[in-house]
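A.B. asks: Predicted coordinates and the sequence they were generated for:
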Amino acid sequence: MTFSTSNWFVPRTSLNTVRSRWLTILSFLVPVLIWCIVSYTPFIWHPNIQITEPGSVSYFKTGIQVKRDRFDAEVEKARKASVKIPQGVRVNPVYLPAPHEVAIAFYTSFTTEPKRRSEQWLHESLWHSITVIFWGFFLSSIVAVPLGILCGTYATFSKFHEPFIEFFRYLPAPAFGALAVAILGIHDAPKIAIIFIGTFFQQVLIVANTTRKLDLSLIEASLTLGAKRLQLLFKVVVPGILPDLYRDLRILLGWAWTYLIVAELIGTSSGITWFITQQARYKNFDNVFAAILMIGIIGLFSDIVLSKLGRKLFPWDKTTTKGG
Amino acid sequence: MNTKNLELPSYLEKGESVTKTLAAIKEREVVLEVKQLSKTFDSTKGPVTALNDVSFKTHRREFVTVIGPSGCGKSTLIRILAGLETQTHGEVLLDGKAVSGPGPDRGMVFQGYTLFPWLTVKKNVMFGLSCQGKTRATAESEAMQWVDLVGLEKFANAYPDQLSGGMKQRVAIARSLAAQPRILLMDEPFGALDAQTRVRMQEYLMEIWRNIDITILFITHDLDEAILLADRILVLKAHPGEIQEVIEVPVPRPRSSEQLLSPEFLATRQRLEELIHPPLDNDDTKPNMFRMVNVDDDVEPLL
Ligand SMILES: Nc1ncnc2c1ncn2[C@@H]1O[C@H](COP(=O)(O)OP(=O)(O)O)[C@@H](O)[C@H]1O
Ligand SMILES: [Mg+2]
């Protein structure tokens, strides 16, 4: 459409490919650019002074950071007393490493051997996290999806299950941490249980609602064509909701990552969360950023793969083939 | 169309061939019998009687249309016949046996197409056949015959989304017929189509009906459509929905849209207009014609 190419704001109309490509690039570039500006231009923020020469100040040591006003006060004092003036450079706090430091950390955290033999490499930690997510999400899905479909199709199931599930989903999954450890031990089982609890109840309700949105006239049409109970479920309801169900599961998988961080802290901490807390304790914030970035990249990448797969799987579905 | 001042024969006068055909139809076995059907809905504003004491019979290979004003209970009637709604009173007999609940013996074509969007044209048509437990190969070859019949062989592997409204409705008809129903129930199937497509679809449907052994009950609110297609027309009235007259159509077959201006056709149409749009003494549906904007023109004196 010529109209949409000249105008950036036409409701529910896609932009031309050049524009949407640029916007996609910019959506990543702008945050990185802001980060670069804050990191590399000393006059924007840099609230701290890193001491390079303690001078006469007794509590200054080479390498430590102090607030700028404190530093200025000490310099003033030293000047008045005509003793050795301390030296320093403006820096950002340790918790905000510069992009290049994170980039280096991103590389080195994969190539550095763990400090202790009992500890894991980063890729091992990541893999461990992914398996925990997988099992939690998988176990939740194999129960919640069929149950949700039944609830969405038959009022009997809906009335019997949904009120309790509605109640249970308000209980925060992390609250079951101690209980899960007491019952399931300290290793992966309680972590999988937390992800299960965090996902399951939402999943049943969302799948039930998606099922209820299926056009009733399709069910009626199938009944007049002679579909019986199981045929109705497997030949009409399930294929009818499949594209939407697939989208629901993609969104829920994103939520499962949120529960992962909590889950990995209970019992013996493990996986990517263990790596992050460990690195934060050593004040290696570049590594912390690298690990957080890694989670984002894994999430984004898996979602893109799933979305592309969705288009292959559901060629009739308009909402997955357009946009997305 | 103003048919009031035309010299028309009575709609009750039929030619010899029409009389014979209608008599022959009555000789045939009764496929569907409806006995004293009533339906009351419990709505929030109290009970609504949608149908009251509706009785009629349709014979084998008869084409019956049902016409009536909007909201008179046409859809309610056909949904009860299809088993998608339960009646408050009365009975529906198919081949003499009472039916309850939906089943493949009563095919249904809805105004909204209701094709399965995840299935191709061919697989949509196969649906009823595979529900009946036919093997894939049998179902596929039978389905292809029906797809051929409605002239969509080229689109056998297309998804419904890629078809026009008329084509979708042809698939829906093929899908219903493939399940081998005793009667085909159609609820304003061409209501959403544009005028030209609608005329072509009417001709299509008559062609199909001539060639296969099927009884059709067809709901419409279009007078021409009701006359063009039917052997008999059931005219409903609203509040409550009751049959006010059954008209035996005096227009000879084979029909075509050229007959729309024949005397028999117009006579029937005039009668339908009287029944469906009775003259109102106190016409409160007339728009209140005050001038929203002052019009300063010289057209008014001409009117
Ligand atoms: N599910 C329902 N609940 C309450 N009232 C209904 C329901 N379905 C239809 N009705 C009422 O029954 C009457 C007949 O409706 P319907 O059969 O759809 O008419 P038509 O198809 O002739 O336009 C209308 O007055 C409508 O409001
Ligand atoms: Mg209707």
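C.D. replies: Yep, it's here. Ligands and ions are numbered 1, 2, ... in the order given.
A.B. asks: What strand or helix carries residue 18?
C.D. replies: The chain I'm using is chain A. Residue A:18 belongs to helix A:17-40 when assigned by DSSP states H and E.
A.B. asks: if you could check chain B rather than the one you did, that'd help
C.D. replies: Element membership of residue B:18 [criterion: DSSP H and E] is helix B:16-27.
A.B. asks: What is the following helix or strand past that helix packed up against?
C.D. replies: Where DSSP H and E defines the elements, the next helix or strand beyond helix B:16-27 is strand B:30-43. Packed against strand B:30-43 by the contact rule (3 or more CB pairs under 8 Å, 6 or more residues apart in numbering or on different chains; DSSP states H and E) you find strand B:46-59, helix B:74-82, strand B:89-94, strand B:215-220. Backbone N, C-alpha and C define where each C-beta goes, glycine included.
A.B. asks: now the next helix or strand after the last one, how far from the chain's geometric center?
C.D. replies: Proceeding N to C from strand B:215-220, the next assigned helix or strand is helix B:223-229, under DSSP H and E. Relative to its chain's centre, helix B:223-229 lies at 9 Å (CA atoms, centre = their mean, to the nearest Å).
A.B. asks: of all the helices and strands packed on strand B:30-43, which lies closest to residue A:268?
C.D. replies: Closest to residue A:268 of these is helix B:74-82 (CB to CB; 61.9 Å).
A.B. asks: Convert the closest one to CSV, retaining C-alpha atoms only.
C.D. replies: Extracted in CSV, the C-alpha atoms of helix B:74-82 (Å, rounded to 0.1, in the frame of the first residue of the first chain):
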residue,chain,number,x,y,z
LYS,B,74,-36.6,-19.7,11.7
SER,B,75,-33.2,-20.4,13.1
THR,B,76,-34.7,-21.9,16.2
LEU,B,77,-36.8,-24.2,14.2
ILE,B,78,-33.9,-25.5,12.0
ARG,B,79,-31.6,-25.8,15.0
ILE,B,80,-34.2,-28.0,16.8
LEU,B,81,-34.5,-30.1,13.6
ALA,B,82,-30.7,-30.5,13.5
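A.B. asks: And for the helix holding residue B:18, what's in contact with it?
C.D. replies: The set of residues external to helix B:16-27 that reach it, using CB atoms under 8 Å, 6 or more residues apart in numbering or on different chains, is B:14, B:59, B:61, B:62, B:231, B:232, B:248, B:249, B:250, B:251, B:252, B:253.
A.B. asks: Please identify the buried residues of that helix?
C.D. replies: By 16 or more other CB atoms under 10 Å in any protein chain shown, the buried positions in helix B:16-27 come out as B:18, B:21, B:22, B:25.
A.B. asks: now stretch B:248-261
C.D. replies: B:248, B:249, B:250, B:251, B:255, B:259, B:260.
A.B. asks: Take those and lay them out in TSV including pLDDT.
C.D. replies: Formatted as TSV, the buried residues of stretch B:248-261 follow (pLDDT from 0 to 100):
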residue	pLDDT
B:248	95
B:249	94
B:250	94
B:251	93
B:255	92
B:259	90
B:260	91
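A.B. asks: Among those residues, name the ones that also lie close to chain A.
C.D. replies: Counting by CB under 8 Å from any CB of the partner chain, nothing from these sits close to chain A.
A.B. asks: any idea how far residue A:236 is from residue A:247?
C.D. replies: 19 Å (CB to CB, to the nearest Å).
A.B. asks: Neighbour count: those two, which is higher?
C.D. replies: residue A:236 (23 against 19; other CB atoms under 10 Å in any protein chain shown).
A.B. asks: per-residue confidence at the closest residue to the more buried one other than its chain neighbours?
C.D. replies: Spatial nearest neighbour of residue A:236, chain neighbours left out: residue A:222 (4.5 Å); criterion: CB to CB, 6 or more residues apart in numbering or on different chains. Per-residue pLDDT puts residue A:222 at 96.
A.B. asks: Please identify which helix or strand holds residue A:222.
C.D. replies: Counting by DSSP H and E, residue A:222 is found in helix A:216-224.
A.B. asks: tell me what that helix is packed against?
C.D. replies: Partner elements for helix A:216-224 (3+ CB pairs under 8 Å, 6+ apart): strand B:106-109.
A.B. asks: Residue B:69 versus the residue of chain A found nearest ligand 1, what's the distance?
C.D. replies: Proximity to ligand 1, evaluated over chain A using CB to the nearest ligand atom, is greatest for residue A:216 at 11.6 Å. Applying CB to CB, the value for residue A:216 to residue B:69 is 25 Å.
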